[in-house]
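Asker: Just the structure for this:
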Amino acid sequence: MSTLGPDEIKRYARHIVLRGMGGEGQQKLKAARVLVIGAGGLGSPAIAYLAAAGIGTLGVVDHDTVSLSNLQRQVIHQSASIGATKAESAGQFVAGLNAHVTFVPHVERLTAENGARLLAGYDLVLDGTDNFGTRAISADAARAAGLPLVSGAVSMFDGQVTVFAPGGPQFRDLYPDTPDDEDLPACEIVGVLGALTGVIGTLMAMEAIKLITGIGDPLIGRLLLYDGRAARFEELRYG
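Answerer: Numbering: from 1, shown residues only. Below is the predicted model:
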């Protein structure tokens, strides 16, 4: 198991004194290799909190570039990053936050053809992409690789998060039918509240940390729904 240096012991002091986490949990985080698919609205808070938590190796898959309209919710990017690739911009953020994290940028789009290659060598995957097709590809790739997947989605004022784990219910159990594109309007059309992505993206980071450390009960077979306007959480079981 990875050992912690003096600077890391001080940096992660609130984790180390936390009952249930401790030094052993922090060492598990340092040894972990986590891949985040999408460095946008959901990926941004997930990347920020995973880097802050001390994930040893953090990979990010994103082929897109930073635009001005992203900055309302994609909080790891800055105005000076406009035009840069999101994966590279995310790397600059992580480097400035925690030098103990090894960052691996994958400046490409996830496809059914490259999924196995991109996921190779990682222990856990987070999918924060903004369209159903890519989420399905992420789920299929994670299942084929035998990796747990934390999956989140947002639209307008509402969000959801769940975990697909080996041996548990999978993406196709939750979504047996592929919806039509017109039934799933993009946020460019219907909009999304910026802070909503922070709520769901942070929950995704929380689930990842739980899976790595063995703390608590992950959202396996459970879909957690958040209604931002009513400030209400609900849970649906599936599988």
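Asker: From now on I want contacts and neighbour counts done on CA atoms only, so please keep to that.
Answerer: Will do.
Asker: With only the CA atoms kept, save the helix or strand encompassing Tyr226 in CSV.
Answerer: For Tyr226, the element it lies in under DSSP states H and E is strand 222-227. Extracted C-alpha coordinates of strand 222-227, given in CSV (Å, rounded to 0.1, in the frame of the first residue of the first chain):
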residue,chain,number,x,y,z
ARG,A,222,-30.1,2.6,-6.4
LEU,A,223,-30.8,5.7,-8.4
LEU,A,224,-30.5,8.9,-6.3
LEU,A,225,-32.7,11.7,-7.7
TYR,A,226,-32.3,15.4,-6.8
ASP,A,227,-35.0,18.0,-7.4
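Asker: and the next element down the chain from it?
Answerer: strand 232-237.
Asker: angle of that following strand against strand 222-227?
Answerer: 160 degrees (axes from the mean of the first three to the mean of the last three Cα atoms, to 10 degrees).
Asker: What distance do you get for the closest residue to Gln160 other than its chain neighbours to Leu236?
Answerer: Spatial nearest neighbour of Gln160, chain neighbours left out: Leu225 (4.5 Å); criterion: Cα to Cα, 6 or more residues apart in numbering. Per Cα to Cα, to the nearest Å, Leu225 is found 8 Å from Leu236.
Asker: repeat for Thr134
Answerer: Distance from Thr134 to Leu236, by Cα to Cα: 23 Å.
Asker: More neighbours: which of the two?
Answerer: Higher neighbour count among Thr134 and Leu236: Thr134, with 19 against 10, using other Cα atoms under 10 Å.
Asker: Helix or strand: which one has the more buried one?
Answerer: Going by DSSP H and E, Thr134 is part of helix 132-145.
Asker: That helix: what's the following helix or strand?
Answerer: strand 149-155.
Asker: for the helix or strand that that following strand is followed by, packing partners?
Answerer: Following strand 149-155 in sequence order, the next helix or strand is strand 158-164 (DSSP H and E). If you count contacts as 3 or more Cα pairs under 8 Å, 6 or more residues apart in numbering; DSSP states H and E, strand 158-164 packs onto strand 149-155, helix 194-213, strand 222-227.
Asker: Any chance you could list what contacts the next helix or strand after strand 158-164?
Answerer: Downstream of strand 158-164, the first helix or strand assigned by DSSP H and E is helix 171-174. Contact with helix 171-174 is made by Ala136, Ala139, Asp140, Phe164, Tyr238, Gly239, as judged by Cα atoms under 8 Å, 6 or more residues apart in numbering.
Asker: Which of these sits closest to Glu207?
Answerer: Distance to Glu207, by Cα to Cα, is smallest for Phe164 among the contacts of helix 171-174, at 11.0 Å.
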